[in-house]
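Asker: build me a model:
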Amino acid sequence: MRYTQIYPDAPLQSYIRHFGVLESDAPDKQTSTFKIIADGCPGLIFQENPDCFADKNNEKLPQLFLHGLTTSHAHKTATGRYRNLCVYFQPHSIKTIFGIDASELTDNYVNLEAILKTDILRQLQDEENTDKWISSISNFISRQIELNKHRDNTKASYAVSKINANDENGLANARSALNLSERSFERMFKRNIGISPKLFFRICRFQAALDFVRRQPPISASLTAIAYQHSYADQAHFIRDFKEFTGVSPRQFLQRANEQAINFPEWQF
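Answerer: Numbering: from 1, shown residues only. Here you go, the predicted structure:
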């Protein structure tokens, strides 16, 4: 498996975190399993080989599909050769680009052609060069932003930018700065990001702790330090969240995850 990460041009950086190209020349019948880890990031996926990837229910995934935020661990399987283009959106981009409530896609995916009349799939099918894929997708997203009447929700993007993964008070501070009631703040998050503010904070905190684990693999004595550093009540609290979002303990993650694509590791059994 090979993974290449590419950053978007400046005008799209407030909507797209990055692009990723995931590819493998595996034999036709070889099957790999990939973990899906909660990362607070919706996305758009194009599969060059439309018969390769299947979801956790063994249903084939559409060749071009949009997915929302994942709130728990899941998995996908791939059989044979593949080359996929992945668009990693900013947390609040679904509503801005596609005009649908982000909550409709939470823990779910949809064939893009089922919600939008577009020829972008044909354009991608006609190209073989990944640079041209990225150019076509970038132009498509730019047009969608122009056409979509639900322009960027500055309050949602502000709230996301102010969340401190190591301090839960950031949520209250953001809500106060925006002069929103708790109920209005919650509605804004679910409409634009897809989940509640508290759950989004938990995912951000988990991701900060996971990044620490990646850089400094834990030994027994350090798990408590990681927990306190990332505002968990204790080690048990940290491990409970880790298992909720990955399905395994920190040690098992380090032993089994071949994480060339961040938050989408090939799983070693």
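
Asker: contacts, neighbours, all on C-alpha from now
Answerer: Noted.

Asker: list the contacts of the strand or helix carrying residue 122.
Answerer: Per DSSP states H and E, residue 122 falls inside helix 120-126. The contact list for helix 120-126 (C-alpha atoms under 8 Å, 6 or more residues apart in numbering) reads 48, 64, 133, 136-137, 140.

Asker: after that helix, next one along is what?
Answerer: helix 130-147.

Asker: which residues of the stretch 151-269 of the chain score low on pLDDT?
Answerer: 151-152, 217-221 (pLDDT under 70).

Asker: just the CA trace of whichever strand or helix holds residue 173, in CSV.
Answerer: In the assignment (DSSP H and E), residue 173 maps to helix 169-178. The C-alpha coordinates for helix 169-178 follow below in CSV (Å, rounded to 0.1, in the frame of the first residue of the first chain):
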residue,chain,number,x,y,z
ASN,A,169,-13.8,25.2,28.4
GLY,A,170,-13.1,26.2,24.8
LEU,A,171,-16.7,25.2,23.9
ALA,A,172,-18.2,27.5,26.5
ASN,A,173,-15.9,30.3,25.5
ALA,A,174,-16.8,29.9,21.8
ARG,A,175,-20.5,29.9,22.5
SER,A,176,-20.2,33.0,24.7
ALA,A,177,-18.2,34.8,22.0
LEU,A,178,-20.8,34.0,19.4
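
Asker: now do the strands in the chain.
Answerer: 2-6, 16-24, 31-36, 43-47, 53-54, 64-67, 74-79, 82-89, 109-111, 257-258, 266-267 (DSSP state E).

Asker: compile the ones you listed into a markdown table and extend it with columns for mean neighbour count and distance to residue 118.
Answerer: Below are the strands of the chain laid out as a markdown table (neighbours: other C-alpha atoms under 10 Å; distance: least, C-alpha to C-alpha, whole Å):
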| stretch | mean neighbour count | distance to residue 118 |
| --- | --- | --- |
| strand 2-6 | 13 | 24 |
| strand 16-24 | 19 | 20 |
| strand 31-36 | 19 | 28 |
| strand 43-47 | 22 | 14 |
| strand 53-54 | 21 | 23 |
| strand 64-67 | 21 | 11 |
| strand 74-79 | 19 | 26 |
| strand 82-89 | 22 | 17 |
| strand 109-111 | 18 | 12 |
| strand 257-258 | 17 | 35 |
| strand 266-267 | 20 | 32 |
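
Asker: would you turn these into TSV with distance to residue 227?
Answerer: Formatted as TSV, the strands of the chain follow (distance: least, C-alpha to C-alpha, whole Å):
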stretch	distance to residue 227
strand 2-6	30
strand 16-24	27
strand 31-36	22
strand 43-47	29
strand 53-54	35
strand 64-67	30
strand 74-79	24
strand 82-89	28
strand 109-111	32
strand 257-258	21
strand 266-267	25
